[in-house]
Structures are given as C-alpha cells and as structure tokens.
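J.: predicted coordinates and the sequence they were generated for:
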Amino acid sequence: MSTTTLAALVPLLPFMGAVAGLLVGRRAPGFARPLAVLPTLLATLLAVVVAMRQGGGEPIRAATELTPTGDASLPVELALNLDGFAVLVAVLVGVVASCVQLYSTGYLRRDPRYASYAAFVSLFTAAMLLVVYADDLIVLLVGWEIMGICSYFLVGHYWETQAARAASIKAFLVTKLGDVPFLIGILVLASEAGTFRISGITGKLTSQLAQFELGHPTVIALLLLAGVAGKSAQFPLHTWLPDAMAGPTPVSALIHAATMVAAGVYFVARLLPVFAASTAALVVLALMAAVTIVGSALSALAQDDIKRVLAYSTIGQLAYMAGALAVTDRGAAVFHLLAHGAFKALLFLAAGVVIHAAGTNSLAAMSRMGGLTKIAPDAYWTMTIGLLALAAIPPFSGFFSKEAVLGAAEHAAFGDGHGAGSTPAAGWIVLVAGMLGALLTAAYATRLWLLAFRGEGPRASAEEHGREPAVMNIVLWVLAVPSLGFGLAYGVLPGWFDSDSLTPSLVTSVLATGVALVGVLVTYGAWRHTTSLAASRAPMGAVAAHPQSDPALSEAEAIATHEPAYGDIAAAPDPADPSRLLLGPLHDAAAHGFRLDAAYTALFVRPTRAAARLVRFIDSTVVDTYVRGAGAGTGLLGTLVRRTQTGNTQTYLSALVVGSLVLAVAVVLVAAGTGGVRP
Amino acid sequence: MHLAYPAVLAALLFSIGIYGVLARRNAILMLMSVELMLNAVNLNLVAFDVWLRETLHTGQALALFTIAVAAAEIGIGLAIVLLVYRSRGTSDIDRLRDLRERSEAEAEADGIPDDPDGPYGDDAGGTGSAKYTDDSGRQTA
Amino acid sequence: MNLAAAAHPGFLSPTGVEIVFVLVGLATLGSALVTVTTKQLVHAALWLVAALGGVAVEYLLLTAEFIAWVQVLIYVGSVVVLLLFGLMLTKAPIGPSPDADSGNRPLALAVALASAGTLVTLVVDAFRTTWIDLDTSGGASAEGSTRVTGESLFRAWVLPFEALSVLLLAALVGAIVLSRRGSAPEQDRTPEGKR
C-alpha cells in the first residue's frame, strides 16, 4: 500500500471503530472493548509506519476534490500533507490514544456507559488525526469541531453531577467563542490566498519568487489566534480547561492534556508563515503566552484538586509552545508538544490511579494520609518521573524541550533569530516569562509531590484497596519511557522539522535549571515549615466510601463531594498547605484563577441573563397580554352571547323583529337621504 | 276611498299580532295572533289589488292562497301543540326551553336519570356507581 | 274622483263607504286588541271571531266579495273552531287565568309599538295622496266578484292552485301523523319520548 493510502487509513480506522461502537455497544457489550482498543492500536501502528516511510524527507501530498464552492478556483479538497510535523504528532496522538483506551478498560471497567464513552474517544482520536494530516483548512475545521463536540460529551460523562454538566457546557461555549472568529479568519485567509490548501498558502508566503503578500495579515492572524486561544486554553479563553477536569481522568489525559489542546499550537505551527507576516500578531501571541505562563503557574500552585493542578500546568506548558511560536521557532514548539504530550498524559493517568487509591482528589486530604506510595507504587514512581519532566530537571524529556523553547527565545531576544518576523521584544517577553515559569513550575510540581506522597497520617492498607488493574499500571510504565528518554531525540528531530538545532544552549540551561532547583528547595522548605504545624492538624476532607468500586466511580464521587466538603471546587482551607506560605495574600486569588470567571460573569453572563430576563419579561408581560387579551375578549363575548341563549322563543323572536325593524328604518332613511321615496 | 285607511288598518293589525305573538304564554293564543298578522297581510293584498285594478287580479289570488296556506299552517301548528302538550303536560311557550344554553351544573345534572326506577336506574358497573357518587355529591353540596 | 263619487250608484256614498270602513276598522282593531290582551283564553278565541269578521266586512267594502265569504267560511267557520278545540284539548282553564301573559310582555309592547309607529309613519307618508276607485258601474261585475275571481284563478293561476291543493293534502297527512296517538313510549317523559 502506498504511504498516502496508509495515511488515509489512520484516521479512518478509529472513525469506523467509533461508528461500530456506537451501533453495537449497547446491544453487545462484549464487543465494546475490542472495538475501542483494536482500531486505535492499528491506527497507531499505521501512523508509525507512515512516519518511518516519510522519514522526515520531502512532504508527501495527495488531494482529491471533495466539493466545489461558489468560486471555481477555490474548491474544498480532501488533502493530505505528510511532513515531519504531521507524522510525528500523529504518532504521539496514536500512542496516547492507545494508552488511554487501554487504561480506560480498567478505569471504567464497570461503567454502564463505557461503550459510548469509548466510541467518543475513538471518534475524537479520528478527528485529531484528521486535523494532524489534513492539508485543507475546511477539512481541518471539520476535525477541529468534531473534537470540540467530543470534548463536550466526554467532559459531561459524569452528567449526574452538577459540576460535570456545568463544565461541559462551559467548555463547549468558551471554545465556540473562539471558533467563530476562527472560522471567519479561515475564510478571509482562503479568499486572500486563493486556496484552502495549507501547503499552498505557506508555499506562496515563503516563496521568494511569488512576491505574494497577504492584504490584512494582522487581522487574519488575530482572528485565527482567537480560535487557537480557545482550543489551546490560552489567556483569556483558558477558563474552561480547569473546569473540564470534571470529566473522567483518561479523558483529561487524552483530550485536555496531550492532544486536543495541542491542536491549537499545532495549527499555528502549520500556518506559521501567516503569523510571521504580522509582527503585531507575534507580539500579541508572545504577550498572551507570557501572561498565561505566569498566571497559570501561580494558579496551579494554589489548587487543591490534584487534577486542577495538572490542568493549570497544561495551560502553562501550552503557553510555552505558544511562546516558541511567537519567536517563530516551530521546531521547538512541536518538540515541546511531543514531549509534553507524553509526560502530561502520564501525569494524568497516574493521578487517576492516585485518586482511586486515596479515595479523594483533594491534596489537603492526601497530605493527611500515609502509605499512598505503598498502595500505588507504580503510580508513585511514574508520577515522580512525570513531575521531574514537568519541572524540567535534566535529563528528563521536559528539560530538553523546554530548553529548546527558551533557547529560541534567547536567540530572538538577542536578535539572531532565524525566522522572518521574529522580534527582540517578543523574544524578551517569552524569555523572562519562561524563566519565571520555570521557577513556579518546579515549585508546584514539588508541592504536588510532597502533598500527595509525603503525607503523614492514618495509614491506608493495601489489602483494603486491592491492586489497581494491571493494564493501568502497564500503561503508566509505557508512557514513562518517552518521559524519561524522549528528550535525547533533540539531535534527530531537526532533520524531521527542517529547523535549526534544538540543542540546549548553555546559558539558558544553567539559568533555567538553577531557578527550577531554587523553586524545588523553596517549596521544600516551606513544606517543612508548615508540616511542623502537623501537631495541630485536624483530619479533614471527605474520602470516597467505596474503595473497592470502579476507579471512575470513586473519581465521580470525589468530584461531587469536593465542593460540599470544602465549600469550593478549587481551594481547600488547609493551613498546612505550603502554597499559603509561598503565595501569601495572592493565594486566594490564584486559587480561583485570579477571579477571571467572576469578571466574565460580571461582563458577559450577567448582561446576557439580564437581556434574557428582559426578553422573557417582554414576552410574558407585553406580548402575552395581547394573546391573553384576545383569548379573554373572545371568551367574554362568548359568555355574553351565551347569556342570551335562554331557550325562550319569544325573546328570540323579539330580537328578530327588532332587527328587521332597524333594517327597515335604515333602508327608509337611506332612501329618503337619496330622495328615492319622496314622490 | 283613501288608500291610507286599509293600509293603516293593516299596519296596526299587524302590530297587534306581533304583540300577541311576543307576549302570549299559551301556544294556541300565539297561533291566534299569527292569524291576526296573516289577516293584516291579506287586507293589504286585497286593498292594493283593488287600487291597481290589475286584470289578472294577482293580489286577490295571492290572498286566497294565503288563506289556504294559513289554514294548513293552523292545522299543523295545532297538531304540534297537541303533541307537545301530550308529552310535556303544558303548552306554555316559555316553559319549553330545552334548547337553552345550560350552565355546567345543569348540564351535569341532566346527565343523571330523573328517577332511580327509570331505565337507567339500576345498571351495574362503573358508570352507575359514578352516577350515584355524583348524585350524592350534588345533594350534599 | 269627485265625478265618480257623484255618479256612484251604490247603496253608500263614497264618503259613506269611508266612514263605515273606518268604524268597522276601529271595531276590528278593538276586538284584536282584546284578543291579545284578555285573561280568559276562550274569550280570546271569541274575540278573534269578531276581529276576523271585521276584516271580512272590510273585504266587502273593498268590493272583494269572494274573499270576504272565503274569509268567513275558512277563518270564522273552521280555523276558530279548530283553535277552540285546541284550547279544549290542552285543558285550557275556563275563566280568567292570571298567567296568560309571559314575562316577555314589556319587550313585546315596546316592539309592537315601534313596529306600529314605523309602519304607520311609512304607510301614511307613502300613500297620503293615493285614492282607490271603488266605482263598479262601468264594468259588468265588481272587482272581486266570484265570477271575476274564478276566471282569473282558473285561467292565470291554475298551476299554483293545483300546487296549493297538494300542499293542503300534505298538511292534512302531516296533521294526522302528528296528532295520532302513537305507541306506548310516548306516554312517559324520558328524552326519547319527546319526539
């Protein structure tokens, strides 16, 4: 089979798996698992084969016309574009999706809605692979929107809980808020460039011969950036991602950490020449990335829910990628995307195990619980690896990818950047924010590790909980391998990305690692200080009541009980939390995402609701008055007419005679008026 | 002779007939008043026929026909009144009000048989018991 | 008119005819009024005889002899008898019955007065200068003599006449069917018995 055929099969297989799963899942539950796992595994294998065949060489392209548009020269084409970025990201998507499907068979093993859940995960995988391989903007948009709707369904998987329902709607609406300008941007871009093909647009823009320039590069870039900010959860459209943690943990790992949120970054990387054409857009992107890096790291430091910590860290890491793109180094961005996808999926899946083992998702409750390392040793070790990668400690993968980003920023800041349009201003912004982010990232990773695994308190015994399903632990170790070793690929990847060297530069490496170590040590010190208050620690928090049950069930219970137990979905009033010491007065604001949701409520939600109330008032009071008045008037007339129906013939006759008299008189008067009667 | 005399006489006779039809309670007295009205018409027909001196005597012929039709009408009318009297025990026109618009309570009450010994009196089953409860409810209310 | 009136050969002068007409008309109206107002039902029937007889006299004065005699025969002779039988068969009370008038009386009075006012005004306004020529000396017979009426009836109006006879037959059959005492269920007062 040709490479293009194989590549076309890669998104098609999970799609067919999803359709089959939806069709037979309810009637034959036995088929649900094979239908979920096998197509995804096969697609992963094919993606690897495609990657091997492509091998970082010339991009392979194939296209067939899908549908004509109004403009004959602007058709929508089913086009594939297999370059180094696409094949590698496809391999990442396939690997993470396969891991998540395997993990889910254990995690949701007794869930009654497993079949539809797995089908949606498959559908999501297919859509993401379509986005990765697509060369046509409209086809890409189709995959983009399918991912959005799958995200909606999967976040709302525990729809029995209020938090999940609210989170799914919020995720959907906020991403749609970005998707509308995104769609407009795509249409404007295509009409200016004269094609929907991404390769065609970038080819025109980078070619020295064509002398092609976009008419409104800043407008297009900003419109597209809105969609990217929504999908990749960048400031100011990031608020949906922490709430989306109300979904099952595998979903968080696949969609909200490794793949879908990376789609925005991937899209910018593919269309980087468009963004590079506008310096203003690059500065906006850099500012957006900087604000997101610092803000999300501060918020992550204050969260109590372990999954929300990881969600904020995801936002921060995506902002690193956006920062790399702001200095026009897409090699560094996609490198970090790949490395982050692996270790963040690992962190989420391990967090799922920890939540099940601890029976709670609250760090405050875990810090009062000893022996988690004994109950879930695999999760303990793999999570440690993942956190080290997250904190960018050498030689884990996160170190190399983050250094690539910081190195690119340094190059841009000192004016020897390689890409056209990269500015020193953007470079400095990204560099400073990246350094600050490195410190904070290390701090919250350390806090997470210390609170989760170094807790002291009543020991939970392994016998009580039982072992986690083996498949879940195997998946953790599978993902731990790239988290450990993928960074060493920095030497190979430039060949695939046709970009500059991704080797860490000495100054930034030393600086970043230094601040990271500072962050670790400071957090450790703060933790030692606060644990000295341990004597006064009161037991707190709620622990799921069914330790033997399905992991997904205990997670759903943990999510549902967090707010009643602590009065807040994000924070816990724990005096022993080191983040209180570190953040000081900022803690409360950081725990609530710097009150951005409250601001949105005041700015958008309340006016919308007020307008809705006004409309309802007008409808129910003004419009309905006429409707009701018409009805009541007719009814009143009917009642009056009924009164006359006495059944007395003489009354009827009287009325008849009176009527004919009146008519006669009227006729006579009219005739007299016209002089007809007078002789 | 002045044409106004028979015309005015006919008009007054007609109005008296109208009064009788509208004011009398007994159906037979109403029929009498109808006869008065018909006679007023006949008088008009004859008077105008004489005035116009038409060769075909249309007015007089029509007056004869009217008299015949009135005879038929009175025969049928009396038969109907007798029938009503036989079935209702009265020929008072203002007590024959079955076609009136009923209130809800009246309509409900009419659904119940008049006497328990009647043809609907002792039927078994749900409808019968429903009727009895309805009946008792009405009596207590 | 004046000439014709001067040459009038009848037993009454034209002015005399008018006077008699008015007097008989007043009597007719009076008996009609008593008919519709009396409290005694049988008296009403008898006063109706007077009113109908008065109308017959008016027909005579208008030279319509045949119709006058038909009026006497059919109305006074048969219709009133029928009505009297009807009163008897419906057990009408002998003597004054205080509830002879229904509650509709004030409305009836108003309607009757209004119609009388309208009609009289209209008729007087329309015919105040119109005269009837009652002179029969010129022709062989009077306008309403039996001969003249018979000729017109059986020449020009024979088809309606035959149709009328069919109508009378139908009325006869209808009256018999209606007043025939039917089978037993008509005796009770259940809703089915009403028809």
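T.: Good, I have the coordinates.

J.: next, count neighbours for A:Ser532.
T.: 10 (other Cβ atoms under 10 Å in any protein chain shown). Where you see a C-beta, it was placed from the backbone N, CA and C, and this is true even at glycine.

J.: where does it land in three-state SS?
T.: helix (DSSP: H, G, I helix; E, B strand; the rest coil).

J.: check contacts around it.
T.: If you count contacts by Cβ atoms under 8 Å, 6 or more residues apart in numbering or on different chains, A:Ser532 has none.

J.: from A:Ala526, how far off is it?
T.: Distance, A:Ser532 to A:Ala526, by Cβ to Cβ, to the nearest Å: 11 Å.

J.: tell me the confidence at the residue nearest to B:Arg100 when sequence neighbours are not counted?
T.: Distances taken as Cβ to Cβ, 6 or more residues apart in numbering or on different chains place A:Gly647 nearest to B:Arg100, at 2.7 Å, with adjacent residues excluded. Per-residue pLDDT puts A:Gly647 at 80.

J.: can you give me phi and psi for A:Gly647?
T.: Backbone torsions of A:Gly647, given as degrees, to the nearest 10, read phi 80, psi 0.

J.: neighbours around A:Ala590, how many?
T.: Other residues close to A:Ala590 by other Cβ under 10 Å number 24.

J.: nearest residue to it in space, please, no chain neighbours.
T.: A:Ala302 (3.9 Å).

J.: now the residue nearest to B:Arg100: how far from B:Glu101?
T.: According to Cβ to Cβ, A:Gly647 stands 8 Å off from B:Glu101.

J.: check A:Val430 too.
T.: Distance from A:Val430 to B:Glu101, by Cβ to Cβ: 86 Å.

J.: quickly note the distance from A:Ala280 to chain C.
T.: Note on A:Ala280: its distance to chain C, by Cβ to the nearest Cβ, to the nearest Å, is 91 Å.

J.: what does A:Gly247 give?
T.: 71 Å.

J.: what's the neighbour count on that residue?
T.: 28.

J.: so where's chain B shaky on pLDDT?
T.: B:104-141 (pLDDT under 70).

J.: and it, which residues reach chain A?
T.: B:18, B:21-23, B:93-94, B:96-101 (Cβ under 8 Å from any Cβ of the partner chain).

J.: buried subset of the residues you listed?
T.: B:18, B:21-23, B:93-94 (16 or more other Cβ atoms under 10 Å in any protein chain shown).

J.: now do the helices in chain C.
T.: Secondary structure of chain C by DSSP state H: the helices cover C:2-6, C:14-37, C:41-61, C:65-70, C:80-89, C:105-127, C:146-155, C:158-179.

J.: which among those helices is found nearest to A:Ala655?
T.: Nearest of these to A:Ala655, taken as Cβ to Cβ: helix C:105-127 at 9.1 Å.

J.: could you give the mean pLDDT of the closest one?
T.: The average pLDDT within helix C:105-127 is 90.

J.: low-scoring stretches of the chain, by residue?
T.: Unless you meant another one, I'm taking chain A. A:1, A:72, A:208-211, A:416-422, A:457-468, A:498-500, A:533-554, A:557-576, A:675-679.

J.: right idea, wrong chain: chain C
T.: Those would be C:1-14, C:135-144, C:182-195, if you go by pLDDT under 70 across chain C.

J.: at 50 what do you get?
T.: Applying pLDDT under 50 to chain C flags residues C:1-9, C:138, C:140, C:184-195.

J.: would you mind giving the helices of chain C as a markdown table with distance to chain A added?
T.: Formatted as a markdown table, the helices of chain C follow (distance: least, Cβ to the nearest Cβ, whole Å):
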| stretch | distance to chain A |
| --- | --- |
| helix C:2-6 | 21 |
| helix C:14-37 | 13 |
| helix C:41-61 | 17 |
| helix C:65-70 | 27 |
| helix C:80-89 | 18 |
| helix C:105-127 | 5 |
| helix C:146-155 | 30 |
| helix C:158-179 | 19 |
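
J.: most tightly packed of these?
T.: helix C:41-61 (a mean of 22; mean count of other Cβ atoms under 10 Å in any protein chain shown).

J.: which elements pack onto that helix?
T.: helix B:4-23, helix B:27-52, helix C:14-37, helix C:65-70, helix C:80-89 (3 or more Cβ pairs under 8 Å, 6 or more residues apart in numbering or on different chains; DSSP states H and E).

J.: what's the angle from that helix to helix B:4-23?
T.: 160 degrees (axes from the mean of the first three to the mean of the last three Cα atoms, to 10 degrees).

J.: may I see the buried residues of stretch A:267-282?
T.: A:267-279, A:281-282.

J.: for the stretch 1-150 of chain A, what spans make up the strands?
T.: A:60-67, A:76-82 (DSSP state E, counting those that start in this stretch).

J.: so can I have TSV of the ones you listed showing distance to chain C and mean neighbour count?
T.: What follows is those, written out as TSV (distance: least, Cβ to the nearest Cβ, whole Å; neighbours: other Cβ atoms under 10 Å in any protein chain shown):
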stretch	distance to chain C	mean neighbour count
strand A:60-67	73	14
strand A:76-82	76	22
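
J.: of the ones you listed, which is nearest chain B?
T.: Closest approach to chain B among the strands of the stretch 1-150 of chain A (Cβ to the nearest Cβ): strand A:60-67, 64.2 Å.

J.: what's next to the closest one, contact-wise?
T.: Contacts of strand A:60-67 (Cβ under 8 Å, 6+ apart): A:3-4, A:7, A:54, A:75-83, A:135-136, A:139, A:197, A:199.

J.: how about 6 Å then?
T.: For strand A:60-67, contacts defined as Cβ atoms under 6 Å, 6 or more residues apart in numbering or on different chains pick out A:3-4, A:75-82.

J.: contacts only, for the residue nearest the centre of chain C.
T.: The residue lying closest to the centre of chain C (Cα atoms, centre = their mean) is C:Leu52, at 5.1 Å. Counting by Cβ under 6 Å, 6+ apart, C:Leu52 makes contact with C:75-76.

J.: can you rerun that using 8 Å?
T.: B:35, B:39, C:71, C:75-76, C:79-80.

J.: top of these by neighbour count?
T.: B:Asn39 (30 neighbours).

J.: quick one: contacts for the closest residue to that one other than its chain neighbours?
T.: Once flanking residues are discounted, B:Asn39 sits nearest to C:Val55: 4.9 Å by Cβ to Cβ, 6+ apart. C:Val55 is in contact with B:13, B:39, B:42-43, C:28, C:71, counting by Cβ under 8 Å, 6+ apart.

J.: of those, closest to C:Leu164?
T.: Among the contacts of C:Val55, and counting by Cβ to Cβ, the member closest to C:Leu164 is B:Asn42, at 15.0 Å.

J.: how many neighbours does the residue lying closest to that closest one once chain neighbours are set aside have?
T.: Of all residues not flanking B:Asn42 in the chain, B:Ala63 sits nearest, at 4.7 Å (Cβ to Cβ, 6+ apart). Neighbourhood size, B:Ala63 [other Cβ under 10 Å]: 29.

J.: what of the one 4 residues further on?
T.: Using other Cβ under 10 Å, the number of residues around B:Ile67 comes to 20.

J.: correct me, but it touches B:Asn42?
T.: Yes. Between B:Ile67 and B:Asn42 a contact is recorded at 6.7 Å, counting by Cβ atoms under 8 Å.

J.: please parse the chain into its domains.
T.: I'll assume chain A. Domain assignment for chain A, taken from automatic domain parsing, gives A:1-212, A:278-582.

J.: ah, I was thinking of chain B
T.: Using automatic domain parsing, chain B is parsed into the domains B:4-95, B:104-136.

J.: same check on chain C?
T.: Taken from automatic domain parsing, chain C resolves into C:1-96, C:145-179.

J.: please identify which of those domains is closest to A:Lys374.
T.: Nearest of the domains of chain C (Cβ to Cβ): domain C:145-179, 108.4 Å.

J.: residue in chain C nearest to chain A?
T.: Closest point on chain C to chain A, by Cβ to the nearest Cβ, is C:Asn104, at 4.4 Å.
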